[in-house]
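A structural model of the following input is requested.
(one chain, ligands or ions: 1)
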Amino acid sequence: MYTDAVVEHFSNPRNVGTIENPNVVVKVGDPGCGDAILIFLKIEDNIITDVKYKVYGCAAAIATTSKASTMVKGKTLEEALEVTDEKVAEALGGLPDEKMHCSNLSATAIRAAVTRYMHPPEE
Ligand code: FES
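This next block holds a predicted model:
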């Protein structure tokens, strides 16, 4: 059901953890399945220098969050905003149709974190 790349990222997820003093931290959940991601970004000069996360979710949520983290680390904020669920799924060689929403969770979490950093809520 899963590609080798999905299994590999699920078995050995990259960038798991937390960042002390992150520039932004955001929690995003999928109300449909109850899965959730807490994502931390370190940003310097418009570049995402570090990304870490905690994910509570299915195998596809873990694999796609791992892959998405590698796709935005070292990238500009604008490049990170272009990481869509389709691109994450594609980078993993595809996902079963019923698991596409899992890649959406990871891409949404990254876009939410970048957007929050670019447009912080008024205090
Ligand atoms: Fe919800 Fe995969 S089943 S993220």
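
what helices or strands is the helix ranked longest in the chain leaning on?
Longest helix in the chain, counting residues (DSSP state H): helix 100-118. With contacts taken as 3 or more CB pairs under 8 Å, 6 or more residues apart in numbering; DSSP states H and E, helix 100-118 sits against strand 24-29, strand 36-44, strand 47-56, helix 59-72, helix 77-81, helix 85-91. Heads up, the C-betas are built off the backbone N, CA and C, glycines and all.

Mind doing that once more with 7 Å?
Here helix 100-118 touches strand 24-29, strand 36-44, helix 59-72, helix 77-81, helix 85-91, going by 3 or more CB pairs under 7 Å, 6 or more residues apart in numbering; DSSP states H and E.

Please identify the deepest-packed of the ones you listed.
Mean neighbour count (mean count of other CB atoms under 10 Å) peaks for helix 59-72 among those, with a mean of 25.

could you give the angle of that helix to strand 36-44?
For helix 59-72 and strand 36-44, the angle between their directions (axes from the mean of the first three to the mean of the last three CA atoms, to 10 degrees) works out to 10 degrees.

Not counting helix 59-72 itself, show me its contacts.
Applying CB atoms under 7 Å, 6 or more residues apart in numbering, the contact partners of helix 59-72 are 2, 6, 9-10, 13-15, 35, 37, 48, 51, 53, 55, 80, 83, 88-89, 91-92, 95, 99, 102-103, 105-107, 110.

Relative to S11, how far out is the residue nearest the centre of the chain?
Nearest to the geometric centre of the chain sits S106, at 3.6 Å (CA atoms, centre = their mean). Taking CB to CB, to the nearest Å as the measure, S106 falls 17 Å from S11.

Having no further points to raise, I will conclude here.
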